[in-house]
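Novice: mind folding the following:
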Amino acid sequence: MDIYPVTLTGQIIRLVPLSESHCLDLTAAGNDESIWRYMLYGNIQTLEQMLSWVRDMLRFQSEGTDLPFAVIYLKSGRAVGATRYLNISSEHRHLEIGGTWYGVEYQGTAVNSEAKYLLLQHAFETLGCVRVQLKTDARNLRSQRAIERLGATPEGILRHDTITPDGYLRDSMYYSILDQEWPDVKKNLEGRLERY
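Specialist: Numbers count the residues shown, from 1 in each chain. Okay, the predicted model is just below:
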């Protein structure tokens, strides 16, 4: 499984390799504290904080564990959020999709469905993954519903899985999609995207 930066283009968004050039747009998109409530990065509100976060993501990429993307809304050409592949295992042909966030006005729109479609399609059809994992804070019911609408299978909760920046012992809800499930998940996502 050879993972490298790539651009993935849909009908409403384009996923491009994350870079420092996206920081201004991302700072504007992330200007609502509610975005960061369940994220493991803390509350990113300033350009300096966003630059630090982007540099962390690029460091993870250089270490071979992550592949971060900026989510570009095609109508405006602006970055409206971010997502990434993480916990990449070429040996076992699996990865996780996570660290996903969008500006408030893009939440609940086709942006997330199309981003997940593009990432899953690339993971299964190009990279040859046998498993894609997703996880969320067990308190984040909105995220759980979004993951379940994708067609991912719930696998359970890992208790006290992560300590958040504010010291909270987070339980994480895990989900997966397997390669043999991808055709049905793909059809479901394509149907959802047609309805937007």
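Novice: so which residues make contact with stretch 29-46?
Specialist: Stretch 29-46 is contacted by residues 27, 49-50, 53, 78-81, 99, 101-104, 106, 136-137, 139-140, 143, 162, 164-166, 170 when judged by C-beta atoms under 8 Å, 6 or more residues apart in numbering. Using the backbone N, CA and C atoms, a C-beta is placed for each residue, glycine as well.
Novice: go again using 7 Å as the cut-off
Specialist: If you take C-beta atoms under 7 Å, 6 or more residues apart in numbering as the criterion, stretch 29-46 is touched by 27, 50, 53, 79-81, 101, 103-104, 136-137, 139-140, 143, 162, 164-165.
Novice: next, the residue in the chain sticking out farthest from the centre: secondary structure please.
Specialist: Ranked by distance from the centre of the chain (C-alpha atoms, centre = their mean), the top residue is Gly167, with 23.1 Å. Put simply, Gly167 is coil when judged by DSSP: H, G, I helix; E, B strand; the rest coil.
Novice: pLDDT score assigned to it?
Specialist: pLDDT for Gly167: 91.
Novice: repeat that for Thr100.
Specialist: Note on Thr100: pLDDT of 96.
Novice: quick check: it is in a strand.
Specialist: Yes - under three-state DSSP, Thr100 sits within a strand.
Novice: which of the contacts of stretch 29-46 fall in helices?
Specialist: The helices, defined by DSSP state H, take in Thr27, Met50, Trp53, Ser143 from those.
Novice: in a markdown table: those residues, plus pLDDT and neighbour count.
Specialist: A markdown table is the format used below for the ones in helices among the contacts of stretch 29-46 (pLDDT from 0 to 100; neighbours: other C-beta atoms under 10 Å):
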| residue | pLDDT | neighbour count |
| --- | --- | --- |
| Thr27 | 98 | 19 |
| Met50 | 97 | 23 |
| Trp53 | 97 | 22 |
| Ser143 | 94 | 18 |
